[in-house]
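1. Have a look; sequence and predicted model below, questions after that.
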Amino acid sequence: MSSSKVASMHDAIATLVRDGDSVAIEGFTHLIGFAAGHEIIRQGRRDLTLARLTPDLIYDQMIAAGVARKLIFSWLGNPGVGGLGAIRRRTETATSAPGGRDGLLPRLELEEYSHFGMVGRYTAGAANLPFYPLRSYFETDLPKANPLIREVASPYGDGVVYAVPPLKPDVTIVHAQRADAAGNTQVWGLLGCQKEAAFAADRVIVVVEELVDEAVVRADPNRTIVPGLIVDAVVVEPFGAHPSYVQGAYDRDNRFYLEWDGITKDENALQRWLREWVYDLDGRAAYVDKLGVERVTSLRPGTAPSGSVDYGRYE
Amino acid sequence: MSGAAAFSKSEMMIVAAARELAGQHVCFVGVGLPNIAVNLAKRTVAPELELVYEAGVFGARPARLPLSIGDPTIVTGATSVVSMYELFSFYLQGGLIDVGFLGAAQIDRFGNINTTVIGDYDAPATRLPGSGGACEIAINARQVFVIMRQSTRSFVERIDFRTSAGNLGGAEDAERIRREQGWLGRGPSLVVTDLGIWHFDEGGEMRLDSLHPGVTLEDVRGATGWEPGLAEAIQETPAPTADELRLIREELDAGGAYTG
């Protein structure tokens, strides 16, 4: 049978994420891979191209730590709260901005789309297509800002649409509720575009709240969004998506998202935060300990179980 | 008790936008004030309203007011949870959305919107969030509602960057291009600000139809970067009712995160 792909976060990142890689840590508000992002910071990766629809706090932290040279995105902010200071400081500058362990970081290169454009890019990447066509960008300045967004005529003579190129990350990291040791991965709640980003990638790391038996996956195959076939490593890291959330397991820590607004505006405060919560900890377990039982408990939701369906037995 | 309870500018904006949703069916919800407005409409003028969230939810029944657009409360109890690919392809581009809500850092008289940069794109004075789903909502939703505060910095003669298309250079221009390019939407139809309610005239230009209680025409002129078009008879926006205020304060934004 299939062999286990279970690895520690340290080993998965050390083996599969390399300097200069393009990396997608997806998850639309839900299931954002903070534990994986922090390990990339700790291991001091450099010159990454980071792709994500909404860079969110995780890319603000990674960019503040100096791991990235380029950002591919569609909406830049702390949703419902404000801005992302590290990214802004490295964008609203002609040359370089304070940041990183060395004290100065070069201007961040931006490649900007819309949400649908980013989803289309992963879709084309996953499906091995040369581009993805969409009805968007008409009469906007986005194609001027990003010349990779191009007009294309329908081959059937019925008009013009816009095309975006495939996005094939070197590595996609997906956080999920559960997987088996072979990497068959199940998600419920918001699906974002993790499936597309995973299938588009050369290497896939899955980070889960819970490792389950293959039989659990097979009992509910409709819930599997990523098959072990395309997965290189399975990391078991409970609470690994905090301060984002995992449907049914823990709530979004909105208090942290609000607090980040103050931290990110001040480069020194941000670097202090990185030292305290990333560099000085050896992994997610230490982070959860530091967070404390009370905070963790306060984020546990009540229950709302699904009804179960009967797949039937056909022998 | 009289109906003349005190209310905030945000509450007036929410109530004005919610009332405009009467008769609408499928609404693409935005974060912040639009989220409260849509949920208020569902409890008042539009009980049949279907809430669509770009995170991939159709028929949401949020039990609390989410801080973020992708909060777990929009999932639990929803009609359907879909991938973002399906949401943007089948629901939005497929033509199922009646009203899409947009915010704006800058808007011009024709309802063209900037949420990308203030200043030059390559060396911006202020880097804003960018499009998100806005540029595709702007052309694929049947109509677009905008909620924003107005000042001469946000209501401008020329926007610095066109993130989302409105009525372009005017209605004639916009009609021709929509027809030629097969857009599904008719573009912006409503702008609710902290000062009043604007719709669009036959030329595709914003027209002030209603002033919120206590606001004067001079206030509006002083907060508009062009000579504003005015309705022949400008109304006063009816103040929020006691029931509307109760729903906002006790159910939708009890913490006062958005309206306090």
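-> Thanks, I have the structure now.
2. quick check, distance from stretch A:7-23 to the centre of its chain.
-> 14 Å (Cα atoms, centre = their mean, to the nearest Å).
3. Then stretch A:268-285?
-> The answer for stretch A:268-285 is 19 Å, by Cα atoms, centre = their mean.
4. Can you list the neighbours in contact with that stretch?
-> Residues external to stretch A:268-285 that are found in contact with it (Cβ atoms under 8 Å, 6 or more residues apart in numbering or on different chains): A:9-10, A:35, A:38-39, A:41-42, A:61, A:64-65, A:85-86, A:99, A:237-240, A:262-264, A:287, A:290. C-betas here are computed from N, CA, C, even on glycine.
5. Can you list the residue ranges for helices in chain B?
-> B:9-19, B:33-43, B:84-86, B:134-140, B:171-181, B:217-221, B:242-246 (DSSP state H).
6. Among those helices, which comes closest to chain A?
-> helix B:134-140 (4.0 Å; Cβ to the nearest Cβ).
7. what mean pLDDT would you report for that closest one?
-> For helix B:134-140, mean pLDDT is 97.
8. in the stretch 51-200 of chain B, what residue is nearest chain A?
-> Taking Cβ to the nearest Cβ, the stretch 51-200 of chain B has B:G70 as its residue nearest chain A, at 2.5 Å.
9. tell me the contacts of the closest residue to that residue other than its chain neighbours?
-> For B:G70, ignoring the flanking residues on the chain, the nearest one in space by Cβ to Cβ, 6 or more residues apart in numbering or on different chains is A:T29 at 2.5 Å. For A:T29, the contacting residues are A:54, A:56, A:79, A:190, A:192, A:244-245, A:252, B:55, B:68-71, by Cβ under 8 Å, 6+ apart.
10. which residues in the stretch 201-315 of chain A form helices?
-> Taking DSSP state H, counting those that start in this stretch, the helices of the stretch 201-315 of chain A run over residues A:214-218, A:254-264, A:267-274, A:284-291, A:293-298.
11. if we compare those helices, which one ends up closest to B:L217?
-> B:L217 lies closest to helix A:254-264 among these, at 36.7 Å (Cβ to Cβ).
12. mind checking how far stretch B:209-227 is from the chain centre?
-> For stretch B:209-227, the distance to the chain centre is 18 Å (Cα atoms, centre = their mean).
13. For burial, what's the neighbour tally of the residue nearest to A:L191 when sequence neighbours are not counted?
-> In space, and not counting its chain neighbours, A:L191 is closest to B:S83: 4.5 Å by Cβ to Cβ, 6+ apart. Other residues near B:S83 come to 21 when the count uses other Cβ atoms under 10 Å in any protein chain shown.
14. Contacts only, for B:S83.
-> By Cβ under 8 Å, 6+ apart, the neighbours of B:S83 are A:191-193, A:195-196, B:56.
15. if we go to 10 Å?
-> When contacts are counted by Cβ atoms under 10 Å, 6 or more residues apart in numbering or on different chains, B:S83 touches A:28, A:119, A:123, A:190-196, A:225, B:56, B:89-90.
16. cool, and B:I159?
-> B:I159 neighbours (Cβ under 10 Å, 6+ apart): A:141, B:104-108, B:110, B:112-116, B:118, B:166, B:225.
17. same check, this time on A:T224
-> A:176, A:179-180, A:184-187, A:195, A:217-218.
18. and the two most separated of these?
-> Going by Cβ to Cβ, the pair spanning the contacts of A:T224 furthest: A:K195 and A:R218, at 18.8 Å.
19. Of the two, give the one with the bigger neighbour count.
-> A:K195 (22 against 12).
20. Nearest spatial neighbour of A:R46, chain-adjacent residues omitted?
-> Using Cβ to Cβ, 6+ apart, the closest residue to A:R46 is A:D19 (5.0 Å).
21. my read: that neighbour touches A:A68, true?
-> No. Look at A:D19 against A:A68 with Cβ atoms under 10 Å: they stay out of range, at 11.1 Å.
22. Spit out the residues that contact these two alike.
-> The contact lists of A:D19 and A:A68 share A:45-48, where a contact means Cβ under 10 Å, 6+ apart.
23. Can you lay out those residues as JSON lines showing pLDDT?
-> Below are these laid out as JSON lines (pLDDT from 0 to 100):
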{"residue": "A:R45", "pLDDT": "97"}
{"residue": "A:R46", "pLDDT": "96"}
{"residue": "A:D47", "pLDDT": "97"}
{"residue": "A:L48", "pLDDT": "98"}
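24. from the residues you listed, which is closest to chain B?
-> For the shared contacts of A:D19 and A:A68, the nearest to chain B is A:L48 (20.2 Å; Cβ to the nearest Cβ).
25. residue contacts, the closest one?
-> A:L48 makes contact with A:17-23, A:40, A:62-63, A:66-71, A:170-171, according to Cβ under 10 Å, 6+ apart.
26. which residue packs closest to the most centrally placed residue in chain B, ignoring adjacent ones?
-> Centroid-nearest residue in chain B, with Cα atoms, centre = their mean: B:V146, separated by 2.7 Å. Nearest non-adjacent residue to B:V146, counting by Cβ to Cβ, 6+ apart: B:V191, 4.5 Å away.
27. Distance of the one you found relative to B:Q150?
-> As defined by Cβ to Cβ, to the nearest Å, B:V191 lies at a distance of 8 Å from B:Q150.
28. Can you tell me which helix or strand of chain A has the lowest average pLDDT?
-> Lowest mean confidence among the helices and strands of chain A (mean pLDDT, DSSP states H and E): strand A:96-98, at a mean of 74.
29. so what strands line up beside that one?
-> Applying DSSP bridges, strand A:96-98 is found paired with strand A:104-106 (antiparallel).
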